[in-house]
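Enquirer: sequence unavailable; structure follows:
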């Protein structure tokens, strides 16, 4: 029978901790962008908080920072984590300012400008500031506008464009490695994971199936031309 005062390891090799330090200059920059410089720096009365929303945002941010995610993904997740940290856990004495929002017409126009940039340059490592410059508004406002108009974040739309390009390259006979590089993915591992998640098969399986289909069509055409002759 175990002793109630004994401390037992949950894992044989102990625990693994993930530590992220979000400096005050990062928080300041994000809050200035969100509110147009009207928010004061937050204060936190509790050094430890039990917040499932913040925990989920941090769990999504950590792999994006250490795993080589695209700039848009990192910046979107960093903004989500800082926003959850401040809005849900800052002291009531901090003082809050409402985020800057675009009007209906301005929201649609900003979203269309960002979409046009992504359509043209989806293979580039675009940053949130690149999109904000194209939209003519803050980074936070463009993110809210794009999601309101199209239902997904800009990073998701960029990834869909890259996957569509890569799928076309596979159909054209390119290898999975070439398709990943030419469509803008940082590495083949990221490409493989997202391709399977989106299409249900690996790039290799899809490419072989496309080759078989193309070969079958070619044989049919040759057969038909022979019969006509």
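Expert: Received the coordinates, thanks. Computed from a predicted structure; not experimentally measured. Numbering: from 1, shown residues only.

Enquirer: residues contacting residue 45?
Expert: By CB atoms under 8 Å, 6 or more residues apart in numbering, the contact list for residue 45 reads residue 91. Where you see a C-beta, it was placed from the backbone N, CA and C, and this is true even at glycine.

Enquirer: any idea how far it is from residue 178?
Expert: 54 Å (CB to CB, to the nearest Å).

Enquirer: ditto for residue 154
Expert: Spatial separation of residue 154 from residue 178 under the definition CB to CB is 26 Å.

Enquirer: give me the more crowded residue out of these two.
Expert: Under the neighbour definition other CB atoms under 10 Å, residue 154 and residue 178 were set side by side, and residue 154 has more, 26 against 15.

Enquirer: residues contacting the more buried one?
Expert: So residue 154 contacts 72, 76, 114, 118, 128, 131, 142-143, 146 (CB under 8 Å, 6+ apart).

Enquirer: could you report the pLDDT at it?
Expert: Each residue has a pLDDT score; the one for residue 154 is 97.

Enquirer: helix or strand for the most centrally placed residue in the chain, which one?
Expert: Centrality entry for the chain: nearest residue to the mean C-alpha point is residue 73, 3.3 Å, by CA atoms, centre = their mean. With secondary structure defined by DSSP states H and E, residue 73 is part of helix 71-89.

Enquirer: any regions of the protein where pLDDT drops low?
Expert: Regions of the chain meeting the criterion pLDDT under 70 cover residues 1-14, 92-98, 213-229.

Enquirer: can you give me the helices for it?
Expert: In the chain, the segments counted as helices under DSSP state H are 24-35, 52-66, 71-89, 104-121, 128-135, 139-150, 154-171, 176-183, 188-199, 203-228.

Enquirer: tell me which of these lies nearest to residue 17.
Expert: Across those, residue 17 has its closest neighbour in helix 52-66 (10.8 Å, CB to CB).

Enquirer: from residue 195, how far off is the residue lying closest to the residue nearest to the centre of the chain once chain neighbours are set aside?
Expert: Using CB to CB, 6 or more residues apart in numbering and skipping residues adjacent in sequence, the residue nearest residue 73 is residue 155, 4.7 Å away. Relative to residue 195, residue 155 is positioned 16 Å away (CB to CB).

Enquirer: that's all I had, so thanks and see you.
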